[in-house]
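>>> coordinates only, sequence not included:
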């Protein structure tokens, strides 16, 4: 078995090649590896430290086994994070995704229920009244008709069930924390990908290049968040096919105030949906500002603007014009239509 050889190599302190990682993760995803082997592989990679080749091989294995969709749109974008930052903020990227969609981006959002926080993206969208359990065909139509579709991980990545029990039992971060965000079932070629550890940023940026990403931002905030923050500095690696640029941003660069983490803390899915509803109704302050920053990042990588400041204006206009409220109602109605539910 490939996984047994991979564990032995890792135990000897050696790195896996991209193909060796692909084969080992493929065995996990096909159900051919037992729980002891899965735990051994995940912990050996974690202790040694995952390389770009190992992450790329694993992402390819996961993508290959996904229930994929191919929306007929110019480019799909996915704002996503690894999670695990422990900051318990409200559902920032999930809210920002709706703003970006209202601004004209084709958002194919990939997510799951809560693992490390009180409210995962699936929990949040369910609280918003969206049907999150649609078939791949129905989600594809959502992206094409509305510019927004939510891909519920258990539906689109059923092979992940083989690793699930081991991941829960280990209760430590492992390679699957990054493989999920790198394995968008719509093949999104634009991403805003937040990571919980700054040291991971170069590995993720290089992996995105290897996977053929057209435009991406890998982000990590000084406060530990896996998003662009309004509490201080955010580190960014901007990924293009032929180069990677590294820089930082702060709220004051865009005329925004600086807040504390306590100002953007979240709660239950229902409480987070209420926070977002207040933003959509026009409430100003820390919640709106951080959503605008992250929506702008999504709008920017989707190619709707040439610069980040232009994208901020576009995000603000989507909120102020009522376009976001209208988009949310469209999604709520569309995803609960009988002909969509039964596709």
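The structure has been received and is ready for your questions. Because the structure is predicted, anything quoted here is derived from the model rather than measured.
>>> neighbours of residue 145, just the number please.
Residues lying near residue 145 (other C-beta atoms under 10 Å) number 13. For glycine as for every other residue, the C-beta is placed from the backbone atoms N, C-alpha and C.
>>> Also residue 176?
21.
>>> so how far is residue 268 from it?
Residue 176 is 25 Å from residue 268, where distance means C-beta to C-beta, to the nearest Å.
>>> and if you look at residue 87?
Counting by C-beta to C-beta, the separation of residue 87 from residue 268 is 16 Å.
>>> what's across from the closest residue to residue 239 other than its chain neighbours in the sheet?
In space, and not counting its chain neighbours, residue 239 is closest to residue 216: 4.2 Å by C-beta to C-beta, 6 or more residues apart in numbering. Here residue 216 sits in beta bridges with residue 191, residue 239, going by DSSP bridges.
>>> more crowded one of residue 87 and residue 268?
More crowded of residue 87 and residue 268, by other C-beta under 10 Å: residue 87, with 20 against 14.
>>> which residues touch the more buried one?
Counting by C-beta atoms under 8 Å, 6 or more residues apart in numbering, residue 87 makes contact with 223-225, 261, 265.
>>> mind redoing it with 6 Å?
Residues in contact with residue 87 (C-beta atoms under 6 Å, 6 or more residues apart in numbering) are 224-225, 261.
>>> Tell me where the chain has strands.
Here the chain has its strands, by DSSP state E, at 76-81, 106-111, 148-152, 190-194, 215-221, 234-239, 244-249.
>>> out of those strands, nearest to residue 306?
Residue 306 lies closest to strand 215-221 among these, at 11.7 Å (C-beta to C-beta).
>>> how far off strand 244-249 does that closest one point, in degrees?
For strand 215-221 against strand 244-249, the angle by axes from the mean of the first three to the mean of the last three C-alpha atoms, to 10 degrees is 40 degrees.
>>> which residues sit against strand 215-221?
Contacts of strand 215-221 (C-beta under 6 Å, 6+ apart): 190-195, 198, 201, 204-205, 208, 228-229, 234-239, 297, 301.
>>> Of those, just the buried ones, ChimeraX syntax please.
Per 16 or more other C-beta atoms under 10 Å, the buried members of those correspond to this ChimeraX selection:
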select :190,191,192,193,194,195,201,204,205,208,228,229,234,235,236,237,238,239,297,301
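>>> Which neighbouring elements make contact with the longest helix along the chain?
Assignment by DSSP state H gives helix 286-301 as the longest helix of the chain. Here helix 286-301 touches strand 76-81, helix 92-102, strand 190-194, strand 215-221, helix 269-280, helix 308-320, going by 3 or more C-beta pairs under 6 Å, 6 or more residues apart in numbering; DSSP states H and E.
>>> Switch these over to a markdown table; also include mean pLDDT and distance to residue 257.
What follows is the helices and strands packed on helix 286-301, written out as a markdown table (pLDDT from 0 to 100; distance: least, C-beta to C-beta, whole Å):
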| stretch | mean pLDDT | distance to residue 257 |
| --- | --- | --- |
| strand 76-81 | 95 | 23 |
| helix 92-102 | 98 | 16 |
| strand 190-194 | 98 | 21 |
| strand 215-221 | 98 | 16 |
| helix 269-280 | 96 | 16 |
| helix 308-320 | 98 | 14 |
